[in-house]
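Asks: what's the 3D shape of this:
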Amino acid sequence: MRINRLLPGLALLAMTGLVVPTYAADENINKSITIADTVSVGSTQLKPGDYRVKVDGNKVTIEFHNKVVATAEGKWEPRNERFESTAVIYDSNHNVQEIRFSGRKDALVLSPGSASTGSEK
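Replies: Next up is the predicted model:
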């Protein structure tokens, strides 16, 4: 009888284990963004243009013409509403704070001081 009581809990635990990897895989993205103003990611200055942002877990890579120009650490933070368009949010010093991707309800928030220059510019 004791096994019958544990079985529903074990089934729920097994189902949870199947759901978590699916969400984690969703965090790996490869999207294009357009930067309208000169901004900085760490010590790297990004001029206006079209860039590619790749996210693998908490590692963020920014590419320009297929060359890595900056890397940083980031994390997904939930927001209340889905974003209608992709936007790069920066502070008064033009340091990128977060990237909001169209259709998502979370923002990619860059960790301050985690950025580095890419291997090639």
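Asks: host element of T71?
Replies: Element membership of T71, judged by DSSP states H and E, is strand 67-78.
Asks: report the buried residues of that strand.
Replies: Neighbour-count burial for strand 67-78, counted by 16 or more other C-beta atoms under 10 Å, picks out V68, V69, A70, T71, A72, E73, G74, K75, W76. Where you see a C-beta, it was placed from the backbone N, CA and C, and this is true even at glycine.
Asks: tell me where the model's unsure across the protein.
Replies: 1-27, 114-121 (pLDDT under 70).
Asks: what are the ranges of the strands in this protein?
Replies: Secondary structure of the chain (DSSP state E): strands at 29-35, 39-41, 44-46, 49-56, 59-64, 67-78, 87-90, 96-100, 106-110, 116-117.
Asks: which residues touch the residue nearest the centre of the chain?
Replies: Nearest residue to the geometric centre of the chain (C-alpha atoms, centre = their mean): L108, 3.9 Å. The contact partners of L108, by C-beta atoms under 8 Å, 6 or more residues apart in numbering, come to V53, V55, V60, G74, K75, W76, E98, I99, R100, F101.
Asks: how does it look with 10 Å?
Replies: Each residue near L108 by C-beta atoms under 10 Å, 6 or more residues apart in numbering is listed here: 27, 29, 31, 53, 55, 58, 60, 72, 74-77, 88-89, 96, 98-101.
Asks: hang on, Y51 packs against T86?
Replies: No - Y51 lies out of contact with T86 (C-beta atoms under 10 Å); the separation is 11.0 Å.
Asks: more neighbours, these two?
Replies: Using other C-beta atoms under 10 Å as the criterion, Y51 and T86 rank with Y51 on top: 21 against 16.
Asks: does that one have beta-bridge partners, and which?
Replies: I33 (DSSP bridges).
Asks: next, count neighbours for I99.
Replies: Neighbourhood size, I99 [other C-beta under 10 Å]: 26.
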